[in-house]
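1. Here's my sequence, what's the structure:
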Amino acid sequence: MSQTVELPLWVIVIASILAAIAIADRLLSPAVRWFFRRRVNQAIEELNTRLQLKIRPFGTTRREVLIDRVTNDPRVVEAVAAHARETGTPIEVTMAQATRYAREIVPMFNAYAYFRIGTRLARWLATALYRVRLGYTNTDALAKVAPESSVVFVMNHRSNMDYVLVTYLASSSTALSYAVGEWARLPVLQTLIRFMGAYFIRRNARNPLYRRVLATYVRMATEAGVTQAVFPEGGLSRDGLLRPPRIGLISYIVSAHDHVAHDTVFIPVGLNYDRVLEDRSLVFEAERDGRPMSTWQKSGRTLAFLMRNLRLRLAGKWHRFGYASVSFGDPVSVDGFLAAHGIGKWAHLGEAERDALTEKLTHQLMASIARLIPVLPVSLVSLALIDAGDAAVDRLDLKHRVGALIDRLLATGTHLHLPRQDRDYEITVGLRMLILRRIVSEGPDGQLAINDRDRPIVAYYANAIRHLV
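-> The predicted model follows:
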């Protein structure tokens, strides 16, 4: 017992370092965590003095706490028991599965990452690629939304740039918690998106247990007043037309209405672009009856797109992708919607009645979104060219056709973005983009022609505003 034991010096050094780390973790970590938590809370308090829609405590709650709250919610526990009975799976295994679902869904919002990194990156990227314009907005109506309301932005889904564009334009008023599809679940990207307060959803999930976990998180976030942003279409438009809405997320949001004293308010948002980054891929999928491209195909197309634009940039021939515009509509109050239908409480309705009313609300929101979609130069020129059919069109004919469309749109009160308030410049800008992309060619005789293989692309942009005329 008293014999001397010799140890190499490197073992002593490593053991000493590990011991020091253990002591620091026990003694210093709580103080360090308290220090940084205090700094974060101070930063959020300062931000809330400037934001119209405040950051709520729910958004800054530790992620592990939220996961625990979701998985131990009585409705989730009931769904776990039902799933275990139906599948014959042990209750512990089913509960672990529900916990995995919650961990997959629940975000970890970081105010510093959102406002110091995310919004600045969104501004830089949006303005680097597009001439960003704010379309219609009813400032007075938006200002009247009660500060304690649960606000949900509902918007059409044209591009994955939608997240970037709306984050940039709304950053002076609020922090948005997006419902993001599985496309973004990449190792590094998903961590950044979670820090931005977004939550992931499986668009076509049929698993009742998963849907119950998702519904529980969305209901909790709505009850807590978290400002959310959802896409009722459930995915990107493949042909430029608005897709039929899905009522899933809307029904989860509305289900929280009876559990809180404040109102839930939907704000319709309409987006449009002169160039959608994914347009060729989306049209390609539409031609294949909606079958998605393989990962290799998507990677190849993305790489080719980046290389092509890099070559143009190096040659000094690169241009921004035209205009991108966002319009914010008049708020739609759930209290007002229920009162208009003579209903006091959502919970008083049967399941079939709730589904029918939710569907009606969703279609009302989609109709508002459709009216808000801004009319941009490329969409306008594309619609005129497509409607010309096989008729010969030169620049003068195009001017007459676009002018007639503008008159019809203005007569219906549609928001129309006229660059420099000049109709001729509107046509020039839209046509230039299509010619630069070699989608439209101009012959020696001045005749404009859509390239046969690109006709679906022109139709895609025309369809973005076709419902307005």
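2. what's the burial count for A367?
-> The local packing of A367 (other Cβ atoms under 10 Å) involves 14 other residues. From N, CA and C alone the C-beta is placed, and that goes for glycine too.
3. repeat for G235
-> With other Cβ under 10 Å as criterion, G235 counts 15.
4. Let's verify it: helix, strand, or coil?
-> Judged by DSSP: H, G, I helix; E, B strand; the rest coil, the three-state class of G235 is coil.
5. pretty sure it is touching H157, no?
-> Yes: between G235 and H157 there is a contact under Cβ atoms under 8 Å: 6.4 Å.
6. what touches both of those two?
-> Residues touching both G235 and H157 comprise R243, with contact defined as Cβ atoms under 8 Å, 6 or more residues apart in numbering.
7. next helix or strand past the worst-scoring helix or strand of the chain on mean pLDDT?
-> Across the helices and strands of the chain, the lowest-confidence element by mean pLDDT, DSSP states H and E is helix 29-48, at a mean of 55. Past helix 29-48, heading to the C-terminal end, the next element that is a helix or strand (DSSP states H and E) is helix 57-60.
8. Can you report how many residues neighbour Y210?
-> Around Y210 there are 21 other residues, counting by other Cβ under 10 Å.
9. what helix or strand does the nearest residue to it once chain neighbours are set aside sit in?
-> With sequence-adjacent residues excluded and distances taken as Cβ to Cβ, 6 or more residues apart in numbering, Y210 is closest to Y101, at 5.1 Å. Element membership for Y101, per DSSP H and E: helix 91-105.
10. Same question for P268.
-> Remark: P268 resides in strand 264-273, with elements defined by DSSP H and E.
11. tell me which residues in the helix holding Y101 are buried?
-> For helix 91-105, burial by neighbour count (16 or more other Cβ atoms under 10 Å) applies to 94-95, 97-99, 101-102, 104-105.
12. Kindly indicate which of those lies nearest T264.
-> Distances from the buried residues of helix 91-105 to T264 were compared by Cβ to Cβ; the smallest belongs to I105, at 20.1 Å.
13. who touches the closest one in this structure?
-> Taking Cβ under 8 Å, 6+ apart as the definition of contact, the neighbours of I105 are 70, 199-201, 213-214, 217.
14. Could you measure from the residue nearest to Y178 when sequence neighbours are not counted over to P107?
-> Nearest in space to Y178, with sequence neighbours left out and distances taken as Cβ to Cβ, 6+ apart, is A198 at 4.2 Å. A198 sits 6 Å away from P107 when distances are taken as Cβ to Cβ, to the nearest Å.
15. which residues are common contacts for the two?
-> With Cβ under 8 Å, 6+ apart as the test, A198 and P107 both reach S177.
16. wait, isn't R131 in contact with Y323?
-> Yes: the pair R131 and Y323 passes the contact test of Cβ under 8 Å, sitting 4.9 Å apart.
17. more neighbours, the two?
-> Taking other Cβ under 10 Å, R131 and Y323 do not tie; Y323 has more neighbours (23 against 17).
18. what comes up buried for the helix or strand containing E285?
-> When elements are assigned from DSSP H and E, E285 belongs to helix 279-287. Residues of helix 279-287 classed as buried: 279-286 (neighbour count, 16+ other Cβ under 10 Å).
19. go on, stretch 364-382?
-> Buried residues in stretch 364-382, defined by neighbour count with 16+ other Cβ under 10 Å: 365-366, 368-382.
20. ranges for the strands of this protein?
-> With DSSP state E, the ranges of strands along the chain come out as 131-137, 150-155, 177-180, 199-200, 228-230, 264-273, 323-328, 332-333, 440-442, 448-450.
21. what's next to the last one, contact-wise?
-> What that stands for is strand 448-450. Among residues not part of strand 448-450, those counted as contacts by Cβ under 8 Å, 6+ apart are 385-386, 393-395, 398, 431, 439-443, 458.
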